[in-house]
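> coordinates only, sequence not included:
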C-alpha cells in the first residue's frame, strides 16, 4: 500500500513542497538541541569542577570519552542508516542521549560522570550527526553545500540559545537540575522530529532537489564502497583533516569559557562570548556552504584552517574582553565553514553509495581528535595555569590540517560528478 504521505508528494509532475525541506527542518531542530547542549559543556565546566573538587583534566576527560564513544558509534550507525534509514536510529539515539543527561542529576563520583556523560551520552550522539548529514546529502545535490550548511546552522543557533540559558538556569537552580531539565527536553524534541525523517527521495518518486524520477531513471546511488574508498589516499588525508579539526575546535568549545573566566571575565559575559561564536557559525555554515557549491569544498577547508590559525594566535596574545569577542567571530567562521564542508567533500569524492558509512569512518578522525584535544588542553592548563601553550598547539595542528588539504587531489575516476569537490 502506498503511504498517504508518499502519494501526496508524488502527485503530479513535481510536488508543490519538496519533502526534502521537511527533512531539513526536522534535522535542523535535532541539531539545534543536541549540539546546543553539546557545545555548552564549557558552561557546566567550572561549577562541576568546583563542587566536586576535580581538576581541569579530570573534568575534560568525560567529554573526551564521550567523543571516542561517539566516533565508534558513528561508523556502524552510519552503515545502519544507509541500509535501514534514519528514523529508528535517531529515535533510539535521542532517548539514549536524553537519558544520559537526566542521569547527570545523580553524579557524585568520577565513575558515574564517565559512565553517564562519557558512555551513554556519547553513544547517543553517535547516532545524530552522521545519519542526519548523510540523509541531507541524499536529498540534495546541486544545493548540497547550502542545505548542509543551513541544517548545520541549527547547531550554531543552539549554542546561542543554550549557552546563556544554561548559565542562567545554573544560577537559578544548579548544574545537576539543569542537566535533568535539558535531558527531558532532548528526548521530546528528538523523538518527535525523528518521525519525519526519510532515507532517500527515490522512495517517494523523487530525485534529489525535488525532481521527479522517470521510470527509466536509475535511482540507486552510485559511488565507492568503504572497502574501495579505503584504498585511496584521499580517504586517509580526509581522516587526518578531520582529526586536526576535531582536536582544535573541540578544545576551544570546551575550554573557551573557563579561559575567559580565568582571566577575570564574568560567567555571564563568558557565556555570551560562546553564544557569539555559535551565532557566527550560522553565518559561516550558510555563507561558506553556499560558496562551497560554487568554488568547491576543498577551498572552504583551506579558508577555515587559515582563519583558525590566525584567530588562535590572536587568542594567545590578547586576553581582554573585546579580544575574546574578536576571536569568537573569526574562529566561529572557521568552524562554520569546515563543519559544513565535511559531508559534501566526501560525497563529491566518493559518491553516495556508502556515504553514511564512509562519512562515519572519516568521522572517527574528528572524534578521536575531539577526545584528545580537550583532555590535553586541560592537562596543559593544570601544569602551566594558562591556556596559552594549549592554544599554540591548536594553531600548529590547524596548520597541519591546512597542509593535508592543500595536497588533497580529486580521484581520476570520481564517483560523483554532480557536486563540487
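Structure received. No experiment lies behind these values; they were computed from the predicted model shown.

> report the central residue of the protein.
Nearest to the geometric centre of the chain sits residue 129, at 5.8 Å (Cα atoms, centre = their mean).

> gap between that one and residue 48?
As for residue 129, its distance to residue 48 is 24 Å (criterion: Cβ to Cβ, to the nearest Å). Where C-beta positions appear, they are placed from N, C-alpha and C, glycine not excepted.

> low pLDDT regions in the stretch 151-300 of the chain?
Per-residue confidence for the stretch 151-300 of the chain (pLDDT under 70) gives these ranges: 209-222.

> let's go with 80 and repeat that
Within the stretch 151-300 of the chain, the ranges that satisfy pLDDT under 80 run 199-200, 202-223, 289, 293.

> now the helices for it?
Counting by DSSP state H, counting those that start in this stretch, one finds helices in the stretch 151-300 of the chain at the ranges 175-194, 226-229, 233-262, 267-295, 297-317.

> got the buried residues for the first one?
Of all the residues in helix 175-194, those buried under the rule 16 or more other Cβ atoms under 10 Å are 175-176, 178-183, 185-187, 189-191, 193-194.

> relative to residue 374, how far out is residue 387?
According to Cβ to Cβ, residue 387 stands 12 Å off from residue 374.

> okay, the two: which has more neighbours?
Between residue 387 and residue 374, residue 374 has the larger neighbour count (other Cβ atoms under 10 Å), namely 32 against 26.

> check contacts around that one.
Residues in contact with residue 374 (Cβ atoms under 8 Å, 6 or more residues apart in numbering) are 60, 63-64, 67, 250-251, 254-255.

> and the helices in the stretch 301-421 of the chain?
Remark: helices assigned in the stretch 301-421 of the chain by DSSP H, counting those that start in this stretch are 321-350, 355-384, 388-406.

> out of the ones you listed, nearest to residue 92?
Closest to residue 92 of the helices of the stretch 301-421 of the chain is helix 355-384 (Cβ to Cβ; 15.6 Å).

> what angle separates that closest one from helix 321-350?
Taking axes from the mean of the first three to the mean of the last three Cα atoms, to 10 degrees, one finds helix 355-384 and helix 321-350 inclined to each other by 150 degrees.

> buried residues, helix 355-384. List them.
Buried, per 16+ other Cβ under 10 Å, within helix 355-384: 355-381.

> thinking again about what came up before, export the helices of the stretch 151-300 of the chain to CSV and tack on distance to residue 119?
CSV is the format used below for the helices of the stretch 151-300 of the chain (distance: least, Cβ to Cβ, whole Å):
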stretch, distance to residue 119
helix 175-194, 15
helix 226-229, 26
helix 233-262, 18
helix 267-295, 25
helix 297-317, 30
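
> closest to residue 154 out of those helices?
In terms of Cβ to Cβ, the element of those nearest to residue 154 is helix 267-295, at 8.5 Å.
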